[in-house]
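1. Here's a sequence, model it:
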Amino acid sequence: MSFPRSSGVLLHPTSLPGRYGIGDLGPSALEFIDLLAAAGQRVWQVLPLGPTGYGDSPYQSFSSFAGNPLLISLEDLQSQGLLDEADLRAAPPFSPGRVNYEQVIAHRRALWPRVLERFEASGFAVRQRFDEFCREQASWLNDFALFMALKHAHDEVAWTRWEADIAARQPESVVWWSTHLTREIRLHTLLQFLFFDQWSRLRVHCRSKSIDILGDLPIFAAHDSADVWSNRELFRLDASGHPTVVAGVPPDYFSATGQLWGNPHYDWKRLEHTGYAWWIDRVRTLLTFVDRVRIDHFRGFVASWEVPADATTAITGAWKRGPGAALFEAMLKALTVPSLPFVAENLGVITPEVEALRRQFGFPGMAILQFAFGTDPQAPDFRPHNYSPNLVVYTGTHDNDTTVGWWRGGTGHSTRSDEDLAREREYASRYLRIENDREVHWDLIRAALASVADTAIIPVQDLLGLGNEARMNQPGTASGNWRWQLRPGQLTRDIAELLGVLTETYERTLRKRP
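-> Here you go, the predicted structure:
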């Protein structure tokens, strides 16, 4: 489907300013939404919202359905009487500007039992809403809560290292552990209720400001997740539950040896026999969170890169066919909608077959301005004079360096030589008429907003003109990512006003919903 001409900002909630070590769904999120509206923006793009696992990556979540409890606003819990001022005063000193996940996780784990205790003593109305939530989300919630309780009981190790009977979900073992972990299971269920409740209120606020939330759907599930543990038959695993092949991509712009993600591949034949029920449930749940969905690694639905599970790099992989149009046809039928509000991340090795699938369902593709002036095979398509309207243009994404970092040479460009960089900058300077290096981020922002692409998305780091110290993720690296955070007051009204002027100039400001 095509979207109205509009623009927006990419900022994951963890990167919002926060008093307690990480951005959350509380006051700073509401302030950010108000700032977007004041700047004429109509899209807030976020990364996957699930509880993060390996490397703190939102693309390696413990669940494809659950929300991340670290995003729960402690200030909102205090206003509900689930925490008190003493609880908040006892928080350790958090350093602004960078999320320390180890510190945040330890702090929240100490708080959550107090939240559960006070919730159990709360009034009938909220308890009734909690019971309704548990019934409505039972298809995934019970398995997820048990999985998380089991992980804690096993010192957070992967489920393949648990006792064989519970790793294999033997019914007797499930009953035994469910009985012995009743309190921990209830805690994880409550945290999901609190997350969904706060997110729902945030989404209502977005809608009151005519702002769509653009969410993110990773194509693969993490191996160490409730998804794989509770649905082993849907994934290509050996008898002990380990993947036989894992996902990744061949050598690319980010890495000369490719990217080895480690996620298990789907058994697409088995999923087809179920009518793709798990995928349909996943999308249905996500669409209760967001208005639009960016499908990560869209080309994987045509063919994905399969790497032997014992490989140390992604070089030895091969392309294997995916479900193609059948999956999206099943979604359309099951969800009873005329079109799917998807954006296809059609980056990387894109074949005519991939583009044919995208066009068949009318999904907008993506264009990345940072890739438009160099040696990327898609570079001509990423230059604004070649755009079509049904497109989402970015200065860069969460995987790119910031625009200022990219312009200066940045980090992590293992496949871009000094000569490539010099030619890239010379061409970009001619194309965009870049005259002042200090304003290069605004040159790219202006090019994105001025283009015919229906949607333009700007990472907040580019609005601020930050360098590579503000990069969110560097593909191919296992640690140190996803930690960047806005400092209080860093995103100013003056910056929002400048963005608003450009947004109005290029006619991307929408009328409010009736």
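2. What score does R513 have for pLDDT?
-> With respect to pLDDT, R513 has a value of 38.
3. Ok, F196 next?
-> 98.
4. What of I295?
-> With respect to pLDDT, I295 scores 97.
5. how near is it to T492?
-> 34 Å (Cβ to Cβ, to the nearest Å). In short, each C-beta sits where N, CA and C put it, glycine included.
6. which of these two has more neighbours?
-> Taking neighbours as other Cβ atoms under 10 Å, I295 and T492 compare with I295 leading, 22 against 12.
7. can you pull up the bridge partners for that one?
-> Taking DSSP bridges as the rule, I295 bridges to L217, A344.
8. Find the helix or strand that W305 is a member of.
-> Assigned by DSSP states H and E, W305 belongs to strand 303-308.
9. Helix or strand next in line after that strand, which one?
-> strand 318-321.
10. Who are the contact partners of D418?
-> Each residue near D418 by Cβ atoms under 8 Å, 6 or more residues apart in numbering is listed here: G409.
11. Next one: it relative to S255, how far apart?
-> For D418, the distance to S255 equals 18 Å [Cβ to Cβ].
12. ok, now N473?
-> 13 Å.
13. do T14 as well
-> 24 Å.
14. for I211, same thing?
-> Separation of I211 from S255 (Cβ to Cβ) stands at 35 Å.
15. what about the stretch 151-300 of the chain, any weak spots by pLDDT?
-> 254 (pLDDT under 70).
16. What segments of it are helices?
-> Along the stretch 151-300 of the chain, counting by DSSP state H, counting those that start in this stretch, helices occupy 164-167, 171-180, 182-208, 226-230, 268-273, 277-286.
17. Quick check: which of these is nearest to T397?
-> Counting by Cβ to Cβ, T397 lies closest to helix 277-286 out of the helices of the stretch 151-300 of the chain; the figure is 19.1 Å.
18. Can you tell me what sits against the closest one?
-> For helix 277-286, the surrounding residues in contact (Cβ under 8 Å, 6+ apart) are 64-65, 137, 139-140, 215, 217, 227, 231, 234, 271, 293, 327, 330-331, 334-335, 340.
19. buried subset of the residues you listed?
-> Buried subset of the contacts of helix 277-286 (neighbour count, 16 or more other Cβ atoms under 10 Å): 64-65, 137, 140, 215, 217, 227, 231, 234, 271, 293, 327, 330-331, 334, 340.
20. so how far is N231 from the residue nearest to N481 when sequence neighbours are not counted?
-> Among residues not flanking N481 along the chain, N473 sits closest, at 4.4 Å (Cβ to Cβ, 6 or more residues apart in numbering). Noted for N473: a distance of 27 Å to N231, by Cβ to Cβ.
21. and the helices of the stretch 151-300 of the chain, which is most packed in?
-> Among the helices of the stretch 151-300 of the chain, helix 226-230 has the highest mean neighbour count (mean count of other Cβ atoms under 10 Å), at a mean of 25.
22. follow-up on the earlier one: possible to save the helices of the stretch 151-300 of the chain as JSON lines with distance to L35?
-> JSON lines is the format used below for the helices of the stretch 151-300 of the chain (distance: least, Cβ to Cβ, whole Å):
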{"stretch": "helix 164-167", "distance to L35": "47"}
{"stretch": "helix 171-180", "distance to L35": "45"}
{"stretch": "helix 182-208", "distance to L35": "12"}
{"stretch": "helix 226-230", "distance to L35": "35"}
{"stretch": "helix 268-273", "distance to L35": "42"}
{"stretch": "helix 277-286", "distance to L35": "25"}
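23. Which among these is found nearest to N468?
-> Proximity to N468 (Cβ to Cβ) singles out helix 182-208 among the helices of the stretch 151-300 of the chain, at 30.3 Å.
24. same for that closest one, what does it pack against?
-> Applying 3 or more Cβ pairs under 8 Å, 6 or more residues apart in numbering; DSSP states H and E, one finds that helix 182-208 contacts helix 27-38, helix 101-120, helix 124-136, helix 138-153, strand 212-217.
25. so how far is it off the chain centroid?
-> Computed by Cα atoms, centre = their mean, to the nearest Å, the chain-centroid distance of helix 182-208 equals 18 Å.
26. relative to helix 124-136, how tilted is that helix?
-> In terms of direction (axes from the mean of the first three to the mean of the last three Cα atoms, to 10 degrees), helix 182-208 departs from helix 124-136 by 90 degrees.
27. quick one, helix 182-208 and strand 212-217 angle?
-> 140 degrees.
28. Between the two ends of stretch 448-456, how far is it?
-> End-to-end span of stretch 448-456 (Cα to Cα, to the nearest Å): 6 Å.
29. ugh, wrong one, stretch 318-331
-> One end of stretch 318-331 to the other measures 28 Å (Cα to Cα).
30. how about it: buried residues?
-> Buried-residue list, stretch 318-331, by 16+ other Cβ under 10 Å: G322, P323, G324, L327, F328, A330, M331.
31. Confirm the last one sits in a strand?
-> No: under the criterion used here (DSSP: H, G, I helix; E, B strand; the rest coil), M331 is helix, not part of a strand.
32. Go ahead and confirm it touches Y276.
-> Yes: M331 lies in contact with Y276 (Cβ atoms under 8 Å); the separation is 7.3 Å.
33. if we can go back for a sec, so for D310, which of the helices of the stretch 151-300 of the chain sits nearest?
-> helix 226-230 (18.4 Å).
34. Mind listing residues that contact the closest one?
-> In contact with helix 226-230 (Cβ under 8 Å, 6+ apart) are residues 62-66, 140, 143-144, 147-148, 159, 167, 169, 221-222, 235, 237, 241, 264, 278.
35. cool, stretch 156-172 as well?
-> With Cβ under 8 Å, 6+ apart, stretch 156-172 has contacts from 147, 150-151, 154, 173-174, 177, 223-224, 228-230, 232, 240-242.
36. what about stretch 356-366, how long is it end to end?
-> 15 Å.
37. quick one: buried residues of that stretch?
-> Quick answer for stretch 356-366 (16+ other Cβ under 10 Å): L357, R358, F361, F363, P364, G365, M366.
38. Turn these into TSV, including secondary structure, pLDDT and distance to T288.
-> Formatted as TSV, the buried residues of stretch 356-366 follow (DSSP: H, G, I helix; E, B strand; the rest coil; pLDDT from 0 to 100; distance: Cβ to Cβ, whole Å):
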residue	secondary structure	pLDDT	distance to T288
L357	helix	98	26
R358	helix	97	25
F361	coil	97	21
F363	coil	98	20
P364	coil	98	22
G365	strand	97	26
M366	strand	98	24
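39. so can I have a markdown table of those residues showing distance to I445?
-> A markdown table is the format used below for the buried residues of stretch 356-366 (distance: Cβ to Cβ, whole Å):
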| residue | distance to I445 |
| --- | --- |
| L357 | 31 |
| R358 | 26 |
| F361 | 30 |
| F363 | 25 |
| P364 | 19 |
| G365 | 20 |
| M366 | 16 |
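40. ok, the residues you listed vs G21, which is closest?
-> Closest approach to G21 among these (Cβ to Cβ): M366, at 32.0 Å.
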